[in-house]
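# Mind looking at a prediction? Sequence and model below.
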Amino acid sequence: MRFGISISRTFALHANYYMEDFLKQLPKLAKDKHNENKKYFAKLKKKPPKDLDYVMQELHEEEFERTDCLTCANCCKTTGPLFTNADIARIAKHFKMKEQKFIETYLRVDEENDHVLQSVPCTFLDAENYCMIYEVRPKACREYPHTDRKKFQQISNLTLKNVSICPAAFNIVEEMKKRIPK
Ligand code: SF4
Ligand code: SF4
């Protein structure tokens, strides 16, 4: 999860309904766009525009001014981050736990030999969609959905996956296709 903003209660209710609906439709919306997106990213990879980093930064910021992660938390509910050694050391320290104990309590090793959560939704997500370890959360959570990543064309496979999980990533890619037609 990237971050949350404070909004009024009435607006928050509307935003929640809107997001709930969007999240229900998202898998199908993303599936319908999959081939189009795949072709688009293949072309983008061959000839990325010089100002791609700049445009992505702008699209990312514009989208996250509209999207409040606190109404969503779909990334935290459906996919977990990778935990790097630095993440484990930082979070274990936050809990005043030994690193090994933290690993045994919360993590497992996946097929690619990475430390990941034992289960989703993430144990550190509270009932209000707040991250209980926000200040020390894993790097992958801080950077998700990676739409402001430099050389964005290099993570197209990840983005193709993320548009079916993250409404913001979906919107950013749709806007990107308009802003940088191929
Ligand atoms: S899925 Fe995207 S919009 Fe939803 S909480 Fe995660 S980063 Fe925010
Ligand atoms: S650590 Fe926090 S931001 Fe990361 S998946 Fe868990 S609740 Fe979400």
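Everything's here; your move. Ligands and ions are numbered 1, 2, ... in the order given.

# how far does the helix or strand residue 91 falls within sit from the chain's center?
Element membership of residue 91 [criterion: DSSP states H and E] is helix 85-94. Put simply, helix 85-94 sits 21 Å off its chain's centre (CA atoms, centre = their mean, to the nearest Å).

# Now do that helix, average pLDDT.
Helix 85-94 comes out with an average pLDDT of 98.

# Contacts for that helix, please.
Residues from elsewhere that reach helix 85-94 (CB atoms under 8 Å, 6 or more residues apart in numbering): 81, 83, 98-99, 101-103, 107, 115, 133, 135-140. For glycine as for every other residue, the C-beta is placed from the backbone atoms N, C-alpha and C.

# And the helix ranked longest in the chain, what does it pack against?
Using DSSP state H to define each element, the chain has its longest helix at helix 9-46. Under the contact criterion of 3 or more CB pairs under 8 Å, 6 or more residues apart in numbering; DSSP states H and E, helix 9-46 touches helix 156-162, helix 167-179.

# Go through those and pick out the most buried.
Across the helices and strands packed on helix 9-46, averaging neighbours per residue (mean count of other CB atoms under 10 Å) puts helix 167-179 on top, at a mean of 20.

# what mean pLDDT does it have?
Mean predicted lDDT for helix 167-179 stands at 98.

# Name the nearest residue to residue 180, sequence neighbours excluded.
Excluding its sequence neighbours, the residue lying closest to residue 180 (CB to CB, 6 or more residues apart in numbering) is residue 49, at 5.8 Å.

# tell me the domain ranges of this structure?
Domain ranges of the chain: 9-66+146-179, 82-143, per automatic domain parsing.

# Could you point out which of those sits nearest residue 74?
domain 9-66+146-179 (5.7 Å; CB to CB).

# Fine, thanks again, bye for now.
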